[in-house]
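**Student:** Sequence first, then the predicted structure, then my questions.
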Amino acid sequence: MAGEEEVQVVESCFVTPAVDTLRKALWLSALDLMLANRGYTPLVHFYRRCPGTETTDDFFSVTKLKTALGKALVGFYPMAGRLRVDADGRLEIDCNSKGMLFLVARSQLTIDDFSDLKPSPRLRRLFVPQMLSAEVCATQVTFFKCGGVALGTAVHHGTMDGISTFHFFQTWSTFSRDGDRAVINLSQPLGAVVNEVFTLRKDQLSTLKRICGGSGVSTFSAVSAHLWQCMCLARQLPPNSTTRLAFAANIRRAMTPPFPDGYFGNAVINVSVADEARGIASGDLAYIAHRIKDTLGRVDDELVRSAVDYLELDQAKRDNSPAIGNLLATDMRVVSWLSMPLYDVDFSWGKPLAVLRAESNRGGFAHLVDSAHGDGSVHIVMCIDATILKEFKRLLYAKFESMVYSKF
């Protein structure tokens, strides 16, 4: 296994907005503060070298990336600021244009050394900047000996959610690809844990949605229902124990008036569904999926404002220590990156081969990600108790296998 010495940082600087931007203290909402103890979200984009660029130095030109980043930071100026605590002890962003940390590194590794594309502490250690100060965001461009590139980024979750983060990547890459012609489109403790990636093909997803009630059920609701049931069975939970499925609800269109396109910050609230383990383990998937769908459907302006009021009142007594460790042995959390523009990060040298969290170390978490191939499949990136991995995998695919056999 290669060590950290095989990734050497050769340049470090701060990229500032291309023009003067507003300088002020940016207040963080209760929804932001709720997620602040998550710390930095580590992301990595892998790119293979474009055909025809083997003999040029243009592939992932550092100068071009910095220029584009400076232009992107004009609109996303808080990302060039610093986190600080105000006089009342509340976290805020000091929009001071000090710039975003930008590192350049070189490595004797190749992209194929990471062909399993699973989150790991090593992936984060090698390719994601170490945050030692109060930066909102930092990035590292690592050039492999094979000619490929890893773009690693750390984004503080207290400042922005996934939709805002990938909007930023879209903006940065569009400026890199199109320059001043760019037109930005706004898109909408259990023991040792291991990371595993499972894939559900388009036909399997169609089957799952049909079981869950047909076209009225979203991919998220159907897949989450299936994962929850498989997890309850694999864990062999006591039948009368309470199990909980947690997930985030996007509130951008739930508010009155709706949030504007391009809203910067966290615009999600945490919601959950709870039931007896026996009801989930042996229950009808259509029932479970509709429980999830109905929970999302109840998220409206009144519920969000009540949640924000509660969070504001609870802020003084909330423990802001970092969120570490696994979920309760009965619970799981599903994070959806479905329909997000993950693969629209084309700096002019092609779309990424893969996009994933660099590290995922909290047992019971699952991330849903669209396939990079555009074939309609979904990747499920699981952080799961090692002792139940084999049984969980069997259960995940058993339903589809039984349906194939039933046709004969």
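**Tutor:** Noted; the coordinates are in hand.
**Student:** Which secondary structure element is home to Phe102?
**Tutor:** According to DSSP states H and E, Phe102 maps onto strand 100-107.
**Student:** And that strand, what does it pack against?
**Tutor:** Other elements packing on strand 100-107 under the criterion 3 or more C-beta pairs under 8 Å, 6 or more residues apart in numbering; DSSP states H and E are strand 7-15, helix 62-75, strand 137-143. From N, CA and C alone the C-beta is placed, and that goes for glycine too.
**Student:** and Arg90, what pLDDT?
**Tutor:** Looking at Arg90, its pLDDT stands at 89.
**Student:** What does it show for phi and psi?
**Tutor:** phi -100, psi 140 (degrees, to the nearest 10).
**Student:** wait, isn't it in contact with Leu28?
**Tutor:** Yes: at 7.3 Å, Arg90 counts as touching Leu28 under the criterion of C-beta atoms under 8 Å.
**Student:** Neighbour count: those two, which is higher?
**Tutor:** Between Arg90 and Leu28, counted using other C-beta atoms under 10 Å, Leu28 has the larger neighbour count: 22 against 14.
**Student:** now the strands for the stretch 201-350 of the chain?
**Tutor:** Secondary structure of the stretch 201-350 of the chain, counting by DSSP state E, counting those that start in this stretch: strands at 242-250, 268-276, 331-336.
**Student:** Check which residues of the first one are buried.
**Tutor:** When burial is assessed from 16 or more other C-beta atoms under 10 Å, strand 242-250 yields the following buried residues: Thr243, Arg244, Leu245, Ala246, Phe247, Ala248, Ala249, Asn250.
**Student:** Over to stretch 354-367?
**Tutor:** 354-361, 363-367.
**Student:** cool, and stretch 380-388?
**Tutor:** Quick answer for stretch 380-388 (16+ other C-beta under 10 Å): Ile380, Val381, Met382, Cys383, Ile384, Asp385, Ile388.
**Student:** hang on, the earlier thing: just send the buried residues of stretch 354-367 back as CSV, with secondary structure and pLDDT too.
**Tutor:** Output for the buried residues of stretch 354-367, formatted as CSV (DSSP: H, G, I helix; E, B strand; the rest coil; pLDDT from 0 to 100):
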residue, secondary structure, pLDDT
Ala354, strand, 90
Val355, strand, 92
Leu356, strand, 88
Arg357, strand, 89
Ala358, coil, 90
Glu359, coil, 87
Ser360, coil, 85
Asn361, coil, 81
Gly363, coil, 86
Gly364, coil, 90
Phe365, strand, 93
Ala366, strand, 96
His367, strand, 96
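**Student:** okay, the residues you listed in a markdown table with distance to Ser339 next?
**Tutor:** Output for the buried residues of stretch 354-367, formatted as a markdown table (distance: C-beta to C-beta, whole Å):
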| residue | distance to Ser339 |
| --- | --- |
| Ala354 | 17 |
| Val355 | 14 |
| Leu356 | 17 |
| Arg357 | 18 |
| Ala358 | 22 |
| Glu359 | 24 |
| Ser360 | 20 |
| Asn361 | 26 |
| Gly363 | 26 |
| Gly364 | 24 |
| Phe365 | 20 |
| Ala366 | 17 |
| His367 | 14 |
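**Student:** Kindly indicate which of the residues you listed lies nearest Ser215.
**Tutor:** Ala366 (23.6 Å; C-beta to C-beta).
**Student:** thought the closest one was touching Trp228?
**Tutor:** No: counting by C-beta under 8 Å, Ala366 sits too far from Trp228 to count as a contact (9.5 Å).
**Student:** Need the overlap of contacts for the two.
**Tutor:** Met332, Val334 (C-beta atoms under 8 Å, 6 or more residues apart in numbering).
**Student:** mind giving me the domain split of the protein?
**Tutor:** 4-181, 193-405 (automatic domain parsing).
**Student:** how many neighbours does Phe114 have?
**Tutor:** When neighbours are counted by other C-beta under 10 Å, Phe114 comes out with 21.
**Student:** Tell me the spacing between Met34 and Val268.
**Tutor:** 9 Å (C-beta to C-beta, to the nearest Å).
**Student:** now the helices: where do they sit in the stretch 251-400 of the chain?
**Tutor:** Under the criterion DSSP state H, counting those that start in this stretch, the stretch 251-400 of the chain carries helices at the ranges 277-281, 285-297, 301-314, 389-405.
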